[in-house]
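*Asks:* build the 3D model from these lines:
(one chain, ligands or ions: 2)
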Amino acid sequence: KGQPESDLRTPIVCVMGHVDHGKTTLLDKIRGTTIADGEAGAITQHIGATEIPLAVITEVCGPLFRGDFQIPGLLFIDTPGHHSFTSLRSRGGSLADLAVLIVDVNEGFQPQTIESINILKRYRTPFVVAANKIDRISGWLPVEGAPLAATLKAQSERVRGDLDNRIYELVGELYKQGFNSDRYDRISDFTKNIGVVPISSISGEGVADLLMVLLGLAQKFLKENLKVRASGPGVGTILEVKEERGLGTTLDVILYDGEFRSGDTIVVGTLKEPIVTKIRALLKPRPLSEIRSEERFLPVKHVAAASGVKVSAPKIESALAGSTIRVVSEDEDVDAVAQEIRSELETARIDTENVGVIIKTDTIGSLEALVGELESKEIPIHAADVGPITRRDVIRAAAIQDPLYSAVLGFNVKILPDALTEVQKSDVPIFLSEVIYNLLENYDDWVEDQKM
Ligand code: GTP
Ligand code: MG
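*Replies:* Residues are numbered from 1 along each chain as shown. Ligands and ions are numbered 1, 2, ... in the order given. From the prediction side, this is the model:
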């Protein structure tokens, strides 16, 4: 609608990868470098996210900075690599405009690296691979904060060769996952190839290169998307439902579209009927300088996308992490918006094939992740839902004619007592795990045994 260029929304960048591969350290480094440069005030802490303005990125990139960018900056979301956070990873991944997939060059691909890639594939999110911890390569001479080209010059031929070998291992793994890739400075067309940027989150080497590649991707892939989503009724994703002392139940939300104002009517997804309520307060973390204050949060009247914000509202106890929170504007029908949000859960809660396995998970995010994994392995699903394993699930599984699909797969869920009684009667196997990868492996092993 002919909005000025400055209204481009901040792109959301999700940082993903296996546990301990360096996601949080990278964000600390970006924050730290910029704070050291005297730009601390410019960096904004959000609930669950950090916003780095374009001016700060320009500063960090120094002579590497090239081009003309209209985005206000980048909003980074950190996700946990631990296996049991599948749901948060999946939700972060579904929100992201772009992603950084971090891989420790010394460890290579690990289970949550692959899980992260599958999430990025599912949502078709453009991403860049950060090959982290290059400073751990034996013989590496760290050049604090240097761009890649400069630090490569400082390394011996043997060390450069060692780095190349590790990068080619990553390129091989990416190829197995269906992606062409190369070291980023050897790529001319980023729409056909994934860039691999060697970095150290400790020494800061290559971090400027990584930021430049991200800006380039944002400019190439996202300009049109970002433009249309700068204002209007707010839409966000609930990352977490949390009790806060003195505030009651609150929602940690990433607002990706439009605006929230206190007093706005909102619709919030649950396992059953969506909640209709009003925003009582919008809360942001206090700036770093005020960290000692008794109150951890600062009320604000208004937030605009993209932003991480804590929402306080009455009657939100049954809100479901992973579902949508949406403002209803004055000219909209509340029931129509509620219907829209209800159908989101209906879509996730698929009830498809006549013959297939039954799956139960703890949240929408993990349900989507598990459904995605099963679909990619062409394992049919008879029913998928959020919640504990019930007697009815076991009975439904027992009724499946094909013995290889007469099973229940539970991710991070409990088995209700009457379901256990039913299992003893019917012999239906139940697979439980907190790791998607293990869940699928256990099921596969069982299938192989059955075929023998
Ligand atoms: P989770 O949040 O648990 O998934 O881990 P993470 O990916 O956020 O890893 P984190 O940043 O916490 O780093 C894990 C460990 O690796 C810490 O001890 C870091 O100091 C170390 N580390 C991270 N990046 C580097 C790096 O580039 N070089 C070296 N030498 N150590 C690093
Ligand atoms: Mg971390």
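
*Asks:* please work out how many residues are found near the spatially closest residue to Glu332 that is not a sequence neighbour.
*Replies:* Using CB to CB, 6 or more residues apart in numbering and skipping residues adjacent in sequence, the residue nearest Glu332 is Pro233, 7.3 Å away. No exception for glycine: its C-beta is placed from N, CA and C like everyone else's. Pro233 is flanked by 19 other residues according to other CB atoms under 10 Å.

*Asks:* so which residues on this protein come close to ligand 2?
*Replies:* Counting by CB under 5 Å from the ion, the chain comes close to ligand 2 at Lys23, Thr24.

*Asks:* report pLDDT for Leu320.
*Replies:* Listed pLDDT for Leu320 reads 86.

*Asks:* show me what contacts it?
*Replies:* For Leu320, the contact set (CB atoms under 8 Å, 6 or more residues apart in numbering) comprises Ile238, Val241, Gly269, Thr270, Leu271, Leu345, Thr363, Ile364, Val386.

*Asks:* surely Gly22 is in contact with Ile102?
*Replies:* Yes. Here Gly22 reaches Ile102: they are 5.5 Å apart, a contact under CB atoms under 8 Å.

*Asks:* more neighbours, those two?
*Replies:* Each of Gly22 and Ile102 has its neighbours counted (other CB under 10 Å); Ile102 has more, 28 against 23.

*Asks:* name the nearest residue to that one, sequence neighbours excluded.
*Replies:* For Ile102, the spatially nearest residue (CB to CB, 6+ apart) is Gly17, at 3.6 Å.

*Asks:* re the thing from before, what distance do you get for the residue nearest to Glu332 to ligand 1?
*Replies:* 34 Å (CB to the nearest ligand atom, to the nearest Å).

*Asks:* neighbours around the residue nearest to His82 when sequence neighbours are not counted, how many?
*Replies:* Of all residues not flanking His82 in the chain, Val19 sits nearest, at 5.0 Å (CB to CB, 6+ apart). When counting by other CB under 10 Å, one arrives at 14 neighbours for Val19.

*Asks:* now do the SS call for Val19.
*Replies:* coil (DSSP: H, G, I helix; E, B strand; the rest coil).

*Asks:* list the contacts for it?
*Replies:* Pro80, Gly81, His82, His83, Gln110, Gln112.

*Asks:* which residues in the stretch 51-200 of the chain form strands?
*Replies:* 73-78, 98-104, 127-132, 181-183, 194-198 (DSSP state E, counting those that start in this stretch).

*Asks:* for the closest residue to ligand 2 within the stretch 101-250 of the chain, give the beta-bridge partners.
*Replies:* Closest contact between the stretch 101-250 of the chain and ligand 2, by CB to the ion, is at Ile102 (9.7 Å). Under DSSP bridges, the beta-bridge partners of Ile102 are Gly17, Ala130.

*Asks:* widest-spaced pair of the contacts of Val19?
*Replies:* Pro80 and Gln110 (14.1 Å; CB to CB).

*Asks:* can you name the residue of the protein nearest to ligand 2?
*Replies:* Thr24 (3.2 Å).

*Asks:* what about that residue, helix or strand, and which?
*Replies:* helix 23-36 (DSSP states H and E).

*Asks:* where is the longest helix in this structure?
*Replies:* helix 207-228 (DSSP state H).

*Asks:* contact partners for the closest residue to ligand 1 within the stretch 51-200 of the chain?
*Replies:* Going by CB to the nearest ligand atom, ligand 1 is nearest to Gly81 of the stretch 51-200 of the chain, at 2.6 Å. Residues near Gly81 by CB under 8 Å, 6+ apart: Met16, Gly17, His18, Val19, Asp20, His21, Lys23, Arg89, Gln112.

*Asks:* now the buried members of those residues.
*Replies:* Among the contacts of Gly81, those that count as buried by neighbour count (16 or more other CB atoms under 10 Å) are Met16, Gly17, His18, Asp20, His21, Lys23, Arg89, Gln112.

*Asks:* need the pLDDT of Asp393.
*Replies:* 95.

*Asks:* any figure for the gap between it and Asn106?
*Replies:* 43 Å (CB to CB, to the nearest Å).

*Asks:* of the two, who's got more company?
*Replies:* Taking neighbours as other CB under 10 Å, Asp393 and Asn106 compare with Asp393 leading, 27 against 14.

*Asks:* could you look up the SS state of that one?
*Replies:* At Asp393 the chain is in helix, as set by three-state DSSP.

*Asks:* ok, back up a step: show the backbone phi and psi for the residue nearest to Glu332.
*Replies:* Note on Pro233: its backbone torsions stand at phi -60, psi 130 [degrees, to the nearest 10].

*Asks:* got a list of what it touches?
*Replies:* Pro233 neighbours (CB under 8 Å, 6+ apart): Gly258, Glu259, Asp264, Arg326, Val327, Val328, Ser329, Glu332.

*Asks:* pLDDT wise, what is the most centrally placed residue in the chain at?
*Replies:* In the chain, the residue lying closest to the centroid (CA atoms, centre = their mean) is Gly92, at 2.1 Å. Looking at Gly92, its pLDDT stands at 74.
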